[in-house]
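Colleague: quick one, structure for this:
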Amino acid sequence: MSNTRDFGRSVLQQEAQGIRQLSDLLDASFDAAVTAILNCPGNVVFSGVGKPWMIGQKISATMASTGTPSFALHPSEALHGDIGRLQPHDLVFVLSNSGSSDEIVNLIPAIKRIGCQIFAVTSKPSSPLGQTADAVLNMGDTTEACPIGMAPSVSTTVMLALGDALALTVMNERAFSREDYARFHPGGALGRSLMRVSEVMQPLESTAVVDGGLTVKDALNAITLHKAGAVFVTDNGHLEGVFTDGDLRRHVGDDNLLTQPIRELMTAGGFAISKDALATEAVHVFEEKRIGEIPVIDANRLLLGHVALKDLVSMRFV
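Modeller: Residues are numbered from 1 along each chain as shown. Below is the predicted model:
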């Protein structure tokens, strides 16, 4: 087993060494590629055949998720109609370790006819791809970690690392924030953790609300109409308090209960949250206070709507 483990370590060491060598090869072409991406008015397109095609798809996905419009274009499909996806203002990165695959060599003239700028990502700058591209990102010579030296391993690791370096450098130059990232990942845990209350709240028209001068009957009607667990009490639109089933039970024996002013029976103040707060803050309030709805207010306590626990449950916040 030690020989097995030793070989596994040697693979990792060779791939790590390939990346270390790559870091020394970054030159003005890398700067030019970053600038071209930042200034690209269209899509940043990645193409390759075989394993580089898979690497290109991953780099394109990273670009798209970090603020750069991007898609992947397979050479064979491109030559059978998909080349029509390209526009002259697009930027194309063609990935090929050897730079001489037939599919790649045949694709370059078609891209040039459209007018796109081409960056080659290759270990052979003197290859047909390197010679015909507008600029070359040199991956450097690599020796595959495969026992027979054939299966792409070190070369694809280096290619992916170079793509990540490009994507993340562009992301850094754009000052792409955690909030921006969350906007592109609304279905993920990170996206949910950075969502604001304003993105998950129900608007005022969907909120049970009554003016403080109205009666308990009016409040109950509002609760029934909106199928809510509580009604929020306002004065000229500003939050004064809340009337819940607990308040109702405490006064159920009162004379003329339904005609009493709701302001006299409500719980004054109560818990509220800003529309700019993180939705996770609302979750903490729900968990701590064991309530089902929280009013959403602005800096002047103007009622804007509410957050419902059931909505956050459906969004998998809790």
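Colleague: all contacts plus neighbour counts: C-alpha atoms, from now on.
Modeller: Noted.
Colleague: hey, where'd the strands end up in the protein?
Modeller: 44-48, 70-72, 91-95, 117-122, 135-138, 202-203, 209-211, 230-235, 238-244, 267-268, 273-274, 293-297, 303-308 (DSSP state E).
Colleague: wait, isn't I59 in contact with L168?
Modeller: No. Using C-alpha atoms under 8 Å, I59 makes no contact with L168, being 10.3 Å away.
Colleague: report how many residues lie close to the closest residue to I273 other than its chain neighbours.
Modeller: Take I273 and drop its neighbours on the chain: the residue closest to it by C-alpha to C-alpha, 6 or more residues apart in numbering is V296, 5.0 Å away. Other residues near V296 come to 27 when the count uses other C-alpha atoms under 10 Å.
Colleague: what's across from V296 in the sheet?
Modeller: Note on V296: beta-bridge partners by DSSP bridges are I273, G305.
Colleague: which residues touch it?
Modeller: 197, 201, 272-275, 303-307 (C-alpha atoms under 8 Å, 6 or more residues apart in numbering).
Colleague: any idea how far it is from K58?
Modeller: 40 Å (C-alpha to C-alpha, to the nearest Å).
Colleague: S126 too?
Modeller: 26 Å.
Colleague: go on, T132?
Modeller: Taking C-alpha to C-alpha, one finds T132 at 25 Å from K58.
Colleague: likewise for S29?
Modeller: 21 Å.
Colleague: who touches the residue of the chain most remote from its centre in this structure?
Modeller: The outermost residue of the chain, judged against the average C-alpha position, is D255 (56.5 Å), by C-alpha atoms, centre = their mean. Contact analysis of D255 by C-alpha under 8 Å, 6+ apart lists nothing.
Colleague: what's the pLDDT at it?
Modeller: pLDDT recorded at D255 is 84.
Colleague: just checking, S100 touches P128?
Modeller: Yes. In this structure, S100 is within contact of P128 by C-alpha under 8 Å, at 5.7 Å.
Colleague: any weak-confidence spans in the stretch 1-150 of the chain?
Modeller: When residues are selected by pLDDT under 70, those of the stretch 1-150 of the chain lie in 1-2.
Colleague: tell me the domain ranges of this structure?
Modeller: Domain assignment of the chain by automatic domain parsing yields the ranges 2-176, 195-314.
Colleague: what sits against D141?
Modeller: Applying C-alpha under 8 Å, 6+ apart, the residues near D141 are 123-124.
Colleague: point out where the stretch 151-300 of the chain drops to low pLDDT.
Modeller: 182-193.
Colleague: would you mind telling me which of S126 and K58 has the busier surroundings?
Modeller: Using other C-alpha under 10 Å as the criterion, S126 and K58 rank with K58 on top: 18 against 14.
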